[in-house]
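Asks: my questions are about this predicted structure, shown below with the sequence.
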Amino acid sequence: MALTIAVVAREVWDTRDLSGTVLDENGRLRPGALPTRYEPEDLNALEAALRLKDAQGATVTVLSPGEVRQVDVAREALYRGADGAVRIAADPDELDDAALGALLAAAIRKLGSVNLVLVGTAVPDTAGSLLARHLAQALGWPAILWVDAIEETAADRVIARRAIEMGYESVEAPLPALLAIGVALLEDDPRAPRPAKAMLKLKLKKAEVPVWTPAELGIPDPAARCVTRRRRREPVPPRVIETRTVDPENEAELRAMLDSVRKGA
Amino acid sequence: MSRVLVIAEVADGVFNDISLQCLAAARALAGPEGEVEAMLVGASVRPHAARLAAGGADYVTVVDDARLATYTTEPWLAAARAQLAAAPAAAVLLPATTIGNDLGPALAASLGAASVVDADGVAIEDGRPVAWRVGFDRKVRTTWAPEGDRPLVATLRDGAAPMPGPDAARAGTIRTLALDEVLAGGGFLTKVVRRDVAARTVNLRDADVIVAAGAGVGSPEGVDLVRRLAAALGGEVGATRAVVDAGWLSADRQIGQTGATVRPDLYIACGISGAIQHRVGMLDSRTVIAINTDPNAPIFRSAHYRIVGDLKAVIPKLLKLLS
Ligand SMILES: Cc1cc2nc3c(=O)[nH]c(=O)nc-3n(C[C@H](O)[C@H](O)[C@H](O)COP(=O)(O)OP(=O)(O)OC[C@H]3O[C@@H](n4cnc5c(N)ncnc54)[C@H](O)[C@@H]3O)c2cc1C
């Protein structure tokens, strides 16, 4: 059985190393306060799908919830070699993982014949829970989380290696299945995603990306599927730390530092 | 609140003591009139039940079966569902580990319950359980609540609740459930075919001094310098995930979101950029020294002493001063 793969692509707030305040007086995210990016583990998931396609042939379709804010992740996926992309017209920041999972599951059914779903394991700052599990439940499929390598695929099953606290384990699941892909930190990490291809960018710049509405997916009111409600967002006061700069060339300063921390310790 | 369930964790024979923090949080949610239930699932886990009773559980349900030597979602989920069918709970708490963060959302999704992972705390608001997490680079605290009167399933990070002092006088009621009864015909969909898991050799949480290596150490030789500094200070060696992924130090030394949360008296960050996933694990250290070649490295914002320089030059100087 050839693999027909659906990959989730989320555009998320890039919350690394933020400066300035993030919330307005009403506890809402200040528009413009944050850049966005392709969810890094979703990008690893796309890479895993494209590797399967390169190795054994597969059809890869990307599903991207939400309107484009700053980064068109659906198009970014096409530029990397995805065969198709679909946008789902629903604001993921206003839905919980159960509702988002239900919408994505409906889209996967609409694609038809999908036997492998890939998504990042990471929980974006706006999300309460781990989407992969809610999506797997909505599909009624088994799932393997924190996957860092897809070791074997056969007609009816997949074996994936997943990272757990003290090592790795290889887990087998019958197809269809969902795999949630984890972090890739090292540059030579096989999960490290490929860059966009200039040729595909030229070719697909104007390509139509279809939009499916919740109504078309049979879930006209996705908010009614929410079971977890965000009650509020509050600013966290920054920690004030008095930082002393110590000149590494100055032995007296280094000694004074060591003396004071060892006294404290 | 009426009843709160804690699904405790024993992985590879090791009891995860965040389970005890979950019990403390469960006790606070349940209130004096409420009941705290705990559940233990696995192979040869029965001996740990007394710890849960001493830690505050009124009842402990044990599913102990040789077929449960390693975690897979389906039997654990079936056990939790059986427990909740017999004794419905308003909230379910689990440690935020790879087991808890798999099982918690799976359980919530299968029950239609609310789900929060990696919570930094739980409380009762307006008579209902809520859970919160600090995110957005530690600038925003988001609180979630169940819609309507659904239960809340939350996984708790290390430090989300105080560690309860064990009360050996507490006995609790321990009961057992048979796996076959729990599975009721359902099976194991996924199976673990191979494992390569190391035994834990250190518990960084107990260390007073930690010298941590980041990718800036550059090589196993760089790690050696860090090791020597730790030895000179009578401390332990810690690591970032980058260093663990590179295979230079073992995973039990990882500090951060997916590693240990530590609060030593002295933390020396060597060649660590200070990504939020690392900082959440060491922010509460009493004194932090950071050594980094990049004057703008985010780690300096959490540091009491800032040393801009090459660790390969700075650490030998410190070693000389300490000798
Ligand atoms: C879901 C998820 C979970 C994660 N969990 C964790 C976790 O638990 N723990 C964790 O640590 N990370 C975790 N990470 C990874 C985290 O985001 C960072 O990638 C990681 O912490 C970076 O490690 P680092 O600081 O060692 O490496 P880098 O970010 O590569 O930093 C290296 C630093 O060394 C400095 N440097 C280079 N050479 C020298 C020199 N000669 N002397 C001095 N300084 C030098 C550089 O200036 C740089 O600042 C997680 C990521 C994700 C997505």
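Replies: Great, that's in hand.
Asks: so whichever residue of the stretch 101-250 of chain A sits closest to the ligand: helix, strand or coil?
Replies: Nearest to the ligand, among the residues of the stretch 101-250 of chain A, is residue A:183, at 4.4 Å (Cβ to the nearest ligand atom). For glycine as for every other residue, the C-beta is placed from the backbone atoms N, C-alpha and C. On the three-state scheme (DSSP: H, G, I helix; E, B strand; the rest coil), residue A:183 is labelled coil.
Asks: ok, it to residue B:13 distance?
Replies: Per Cβ to Cβ, to the nearest Å, residue A:183 is found 27 Å from residue B:13.
Asks: just to revisit the earlier point, identify the residues contacting the residue of the stretch 101-250 of chain A closest to the ligand.
Replies: With contact set as Cβ atoms under 8 Å, 6 or more residues apart in numbering or on different chains, residue A:183 has these partners: A:40-41, A:44, A:122, A:191, B:241.
Asks: where along chain B do the helices fall?
Replies: For chain B, applying DSSP state H gives helices covering B:18-30, B:49-54, B:73-86, B:100-111, B:179-183, B:220-232, B:241-245, B:276-279, B:311-322.
Asks: got the ones you listed as a markdown table, with mean pLDDT columns?
Replies: Below are the helices of chain B laid out as a markdown table (pLDDT from 0 to 100):
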| stretch | mean pLDDT |
| --- | --- |
| helix B:18-30 | 96 |
| helix B:49-54 | 94 |
| helix B:73-86 | 96 |
| helix B:100-111 | 98 |
| helix B:179-183 | 91 |
| helix B:220-232 | 97 |
| helix B:241-245 | 92 |
| helix B:276-279 | 92 |
| helix B:311-322 | 97 |
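Asks: nearest to residue A:207, out of the ones you listed?
Replies: helix B:100-111 (34.4 Å; Cβ to Cβ).
Asks: residues of that closest one that come out buried?
Replies: For helix B:100-111, burial by neighbour count (16 or more other Cβ atoms under 10 Å in any protein chain shown) applies to B:100-109, B:111.
Asks: closest to residue B:166 among the residues you listed?
Replies: Looking across these and measuring by Cβ to Cβ, the closest to residue B:166 is residue B:100, at 21.4 Å.
Asks: quick one: residue A:95 from residue A:127, how far?
Replies: From residue A:95 over to residue A:127 (counting by Cβ to Cβ), the distance is 9 Å.
Asks: more neighbours: the two, which one.
Replies: Each of residue A:95 and residue A:127 has its neighbours counted (other Cβ atoms under 10 Å in any protein chain shown); residue A:127 has more, 27 against 23.
Asks: please, where are all the helices along the stretch 1-150 of chain A?
Replies: A:40-56, A:73-80, A:97-111, A:131-139 (DSSP state H, counting those that start in this stretch).
Asks: format the CA atom coordinates belonging to the first one as CSV.
Replies: Output for helix A:40-56, consisting of C-alpha atoms alone and laid out as CSV, is shown next (Å, rounded to 0.1, in the frame of the first residue of the first chain):
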residue,chain,number,x,y,z
PRO,A,40,9.4,23.9,14.2
GLU,A,41,8.3,20.4,15.0
ASP,A,42,5.6,20.6,12.4
LEU,A,43,8.4,21.5,10.0
ASN,A,44,10.3,18.4,11.2
ALA,A,45,7.1,16.4,10.6
LEU,A,46,7.0,17.7,7.0
GLU,A,47,10.6,16.7,6.6
ALA,A,48,9.9,13.2,7.8
ALA,A,49,7.0,13.0,5.2
LEU,A,50,9.2,14.3,2.4
ARG,A,51,11.9,11.7,3.3
LEU,A,52,9.4,8.9,3.1
LYS,A,53,8.3,10.3,-0.3
ASP,A,54,11.9,10.5,-1.5
ALA,A,55,12.7,7.0,-0.3
GLN,A,56,9.6,5.0,-1.3
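Asks: that one and chain B in contact?
Replies: No - applying Cβ under 8 Å from any Cβ of the partner chain, one finds helix A:40-56 separated from chain B by no less than 11.4 Å.
Asks: and for that helix, what's in contact with it?
Replies: Defining contact as Cβ under 8 Å, 6+ apart, one finds that helix A:40-56 is touched by A:3, A:5, A:7-10, A:58-60, A:62, A:73, A:77, A:80-83, A:116, A:118-122, A:147, A:150, A:153, A:179-184, A:190-194.
Asks: what ranges do the strands span in the stretch 101-250 of chain A?
Replies: Using DSSP state E, counting those that start in this stretch, the strands found in the stretch 101-250 of chain A span residues A:116-120, A:143-153, A:157-164, A:167-174, A:177-181, A:211-212, A:228-235, A:244-245.
Asks: below-threshold pLDDT in the chain: ranges please.
Replies: Since you didn't name a chain, this refers to chain A. A:1, A:185-191, A:264-265 (pLDDT under 70).
Asks: my bad, chain B
Replies: Short version for chain B, where the test is pLDDT under 70: B:1.
Asks: count of neighbours near residue A:16?
Replies: Counted with other Cβ under 10 Å, the neighbours of residue A:16 add up to 12.
Asks: with the one 10 residues further on instead?
Replies: The tally of other residues near residue A:26 (other Cβ under 10 Å) stands at 7.
Asks: got the phi and psi for it?
Replies: phi -90, psi 10 (degrees, to the nearest 10).
Asks: give me every residue that touches it.
Replies: Shown in contact with residue A:26 (Cβ under 8 Å, 6+ apart): no residues.
Asks: could I get the contacting residues of the closest residue to residue B:202 other than its chain neighbours?
Replies: Distance criterion Cβ to Cβ, 6 or more residues apart in numbering or on different chains; nearest residue to residue B:202, sequence neighbours excluded, is residue B:252 at 5.5 Å. Listed by Cβ under 8 Å, 6+ apart, the contact set of residue B:252 reads A:166, B:198, B:200-204, B:260.
Asks: filter these down to just the buried residues.
Replies: A:166, B:204, B:260.
Asks: check contacts around residue 123.
Replies: Picked chain A for this. A:129-131, B:117-118.
Asks: to clarify, I was referring to chain B.
Replies: Applying Cβ under 8 Å, 6+ apart, we find residue B:123 in contact with B:28-29, B:129-130, B:132.
Asks: which of the residues you listed come close to chain A?
Replies: Among those, the residues lying close to chain A (Cβ under 8 Å from any Cβ) are residue B:130.
Asks: save the contacts of residue B:123 as CSV, and put in neighbour count too.
Replies: Shown next, in CSV, are the contacts of residue B:123 (neighbours: other Cβ atoms under 10 Å in any protein chain shown):
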residue, neighbour count
B:28, 19
B:29, 24
B:129, 27
B:130, 24
B:132, 22
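Asks: pick the one among the contacts of residue B:123 closest to the ligand.
Replies: Of all the contacts of residue B:123, residue B:132 has the smallest distance to the ligand: 18.8 Å, by Cβ to the nearest ligand atom.
Asks: what number of residues lie near residue A:240?
Replies: 5.
Asks: I'd like the distance between the residue nearest to residue B:202 and residue B:204.
Replies: On the measure of Cβ to Cβ, residue B:252 and residue B:204 end up 8 Å apart.
Asks: report the contact partners of residue 159.
Replies: Picked chain A for this. Applying Cβ under 8 Å, 6+ apart, the residues near residue A:159 are A:150-153, A:170-172, B:193.
Asks: that's the wrong chain, I meant chain B
Replies: B:21, B:120, B:261, B:284.
Asks: quick one: it from residue B:291, how far?
Replies: 26 Å.
Asks: select, out of the strands of the stretch 101-250 of chain A, the one closest to residue B:85.
Replies: Of the strands of the stretch 101-250 of chain A, nearest to residue B:85 by Cβ to Cβ is strand A:228-235, at 21.7 Å.
Asks: mind giving me the packing neighbours of the closest one?
Replies: strand B:114-119, strand B:140-146 (3 or more Cβ pairs under 8 Å, 6 or more residues apart in numbering or on different chains; DSSP states H and E).
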